[in-house]
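Colleague: okay, here's the prediction I keep looking at, along with the sequence it came from:
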There are 2 protein chains.
Amino acid sequence: MSEALSMEGDIVSAMTATDEPGNKKTVFTIGELAKEFGVTLRTLRFYEDKGLINPKRDGQNRLYNRRDRARLKLVLMGKQVGFSLNEICDMLDLYDLRDGQVVQLRVALDKFNEQIDVLKQQKSHIEQAIDELSRTVEVVSGMLKQKESAER
Amino acid sequence: MSEALSMEGDIVSAMTATDEPGNKKTVFTIGELAKEFGVTLRTLRFYEDKGLINPKRDGQNRLYNRRDRARLKLVLMGKQVGFSLNEICDMLDLYDLRDGQVVQLRVALDKFNEQIDVLKQQKSHIEQAIDELSRTVEVVSGMLKQKESAER
DNA sequence: CTGGACGTTTACGCAAACGTAAGCTATCAC
DNA sequence: GTGATAGCTTACGTTTGCGTAAACGTCCAG
């Protein structure tokens, strides 16, 4: 459907990204961020309502810093691996008590492993469905051939 | 989540089931059907609203015959292989012009193949997610070990 | 001064598949 | 007669992740 244009990063690098104030841009408008990550403004505002991101304001206008941007990245990658926004929200909150503390890492690790299990179950379910449908296709194909040859 | 208790049949056998009036039961109440297939009464009424099943009435009470039962079976199996109720509805309608006609079989065949493609894409997406999460787990595990040994 | 570009808020809509009452009927057992 | 069991209809609620206006503010270019 919608191609994530600049999705070259993985979860870990997004988690461990430090705010080194190099020559990089440090502040973004909503439009810039939206374009960069291939989402709509509505989406970013929605994420804010849900407490996933908390940009500062320039008057009325939202201003996102690198930390907001990193969180957004995590949100989008969390979605990609099947987490709901609520789950992501919980994990981000945890992560926010981040001193790189052991406890949060452990919690995250558990969530990740749980999610892997969920995904594996889904995969297995899908494989069963594919098998069932494939069998059906074979049989129906056979029926069709029969009918066709009988009608001639 | 919910175990389908008597789901031993496949799609083809449900499609080709003939209404041989053997010694089998030919009429069912809503409660019987619900129990047999592990769904709620609400679900059966909902399917009726959506036009998936059309039981006759004994006064107010619904009476399902073997054909209704077969359709229900198809609905539930359609769900299992990932079709939406709307899609199932379309296919059932087609199937209702059933003289075992070639055209409907072909249409069904196409839908099945399309759905197989959809499922394969989903599967691939899930596999990617699993990979990404697995990589993440490995890295985070490593980080944890480091921290732990460092703290001691 | 007029039109874009970019931003804001509030708020209803949607799709899928039912859940969950609320309030009523009918039948059977005891 | 009283409760249990099984059924009925109507209709609002739930969840997720935004889409899609509506109606308005602001600032810059021409």
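Modeller: It's in. Numbers count the residues shown, from 1 in each chain, chains lettered A, B, ... in the order given.

Colleague: show me what contacts the residue positioned nearest the centre of chain A?
Modeller: By CA atoms, centre = their mean, chain A has its centre lying nearest to A:Lys79, at 2.0 Å. Applying CB atoms under 8 Å, 6 or more residues apart in numbering or on different chains, we find A:Lys79 in contact with A:85, A:88. C-beta here means a position set from N, CA and C on the backbone, and glycine is covered the same way.

Colleague: and it, what helix or strand is that in?
Modeller: A:Lys79 is part of helix A:66-80 when elements are defined by DSSP states H and E.

Colleague: quick one: the following helix or strand past that helix near DNA strand D?
Modeller: As assigned by DSSP H and E, the chain's next helix or strand after helix A:66-80 is helix A:85-96. Yes. Using CB under 7 Å from any atom of the strand, helix A:85-96 reaches DNA strand D at A:85-86.

Colleague: and helix A:85-96, average pLDDT?
Modeller: If you average the pLDDT over helix A:85-96, you get 87.

Colleague: next one: the helix or strand following that helix, is it in contact with DNA strand C?
Modeller: Sequence order places helix A:102-151 as the next helix or strand after helix A:85-96, per DSSP H and E. No. Helix A:102-151 lies out of reach of DNA strand C by CB under 7 Å from any atom of the strand, never closer than 13.4 Å.

Colleague: between helix B:66-80 and helix A:102-151, find me the angle.
Modeller: Computed with axes from the mean of the first three to the mean of the last three CA atoms, to 10 degrees, the direction of helix A:102-151 lies at 130 degrees from that of helix B:66-80.

Colleague: please state the offset of helix A:102-151 from the chain centre?
Modeller: 21 Å (CA atoms, centre = their mean, to the nearest Å).

Colleague: in terms of secondary structure, what does that helix contact?
Modeller: Applying 3 or more CB pairs under 8 Å, 6 or more residues apart in numbering or on different chains; DSSP states H and E, one finds that helix A:102-151 contacts helix A:85-96, helix B:11-16, helix B:66-80, helix B:102-151.

Colleague: about what we covered before: how near is the residue nearest to the centre of chain A to DNA strand D?
Modeller: To DNA strand D, A:Lys79 is 6 Å away according to CB to the nearest atom of the strand, to the nearest Å.

Colleague: cool, and A:Ile30?
Modeller: As judged by CB to the nearest atom of the strand, A:Ile30 and DNA strand D stand 12 Å apart.
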